[in-house]
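1. using only what follows, build the 3D model:
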Amino acid sequence: MPETLITRPKHRAFPGRPDQIAHARDFTRRILGPCPVLDEAVLLVSELATNAIEHTATARGGSFHVTIYLGDSSLLIAVTDDGSNSTPMPAHPMDTLAETGRGLELVELIADRWGHCGDEHSRTVWFELSWPPTAIVLCVH
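-> As a prediction, the model looks like this:
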């Protein structure tokens, strides 16, 4: 089996404001280019950036960071925020018509793998997406 090639990680910090979520999506689009899982990655970055602003200390004058590791047939994206006392978990809301509370449910549904680490001062939530190796010609490194 061929060794997976991973590009040097791309990183950007964003102020902890709601208007920065769109900038995080744009950053992800620019880095990934025509990647086979571009739409999924942009959606999940948007959800994790939203969670950082809504559920952590990030919105109180802090920042969140997006780091992208792009391989030849997979990517890993990490969003680091300013921490919280709560543990990131899919909400599984009782109200199936609710318009909020679905961010980590989407991550769990779409990502091949995801997880989190950190504490009340800094937390990272990450996800991994992969695609068949034959599609690598579509990805810009």
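
2. C-alpha from now on. contacts and neighbour counts both.
-> Will do.

3. wait, what's in contact with V66?
-> 11-13, 24, 45, 77-80 (Cα atoms under 8 Å, 6 or more residues apart in numbering).

4. try 6 Å this time
-> Applying Cα atoms under 6 Å, 6 or more residues apart in numbering, we find V66 in contact with 11-12, 78-79.

5. same check on W114?
-> 126-127.

6. where does it fall, phi/psi-wise?
-> Note on W114: its backbone torsions stand at phi -160, psi 160 [degrees, to the nearest 10].

7. and it, what pLDDT?
-> Per-residue pLDDT puts W114 at 95.

8. now swap in P133 and tell me
-> What the model reports for P133 is a pLDDT of 79.

9. how many neighbours does the closest residue to it other than its chain neighbours have?
-> Sequence neighbours aside, S73 is the residue nearest to P133 in space, at 5.2 Å (criterion: Cα to Cα, 6 or more residues apart in numbering). As a burial measure, S73 scores 21 neighbours (other Cα atoms under 10 Å).

10. could you do L109 as well?
-> Neighbour number of L109 under other Cα under 10 Å is 12.

11. ok so, going back, out of the contacts of V66, what pair is the most spread apart?
-> R12 and A78 (10.9 Å; Cα to Cα).

12. tell me which of the two has more neighbours.
-> Taking neighbours as other Cα under 10 Å, R12 and A78 compare with A78 leading, 22 against 13.

13. other SSEs contacting the helix or strand that contains that one?
-> Here A78, judged by DSSP states H and E, is contained in strand 74-81. For strand 74-81, the packing partners by 3 or more Cα pairs under 6 Å, 6 or more residues apart in numbering; DSSP states H and E come out as strand 63-70, strand 123-130.

14. give me the angle between the first one and strand 123-130.
-> Orientation check (axes from the mean of the first three to the mean of the last three Cα atoms, to 10 degrees): strand 63-70 against strand 123-130 gives 30 degrees.

15. note down every partner strand of strand 63-70 and its orientation.
-> Taking DSSP bridges as the criterion, strand 63-70 forms sheet pairs with strand 10-15 (antiparallel), strand 74-81 (antiparallel).
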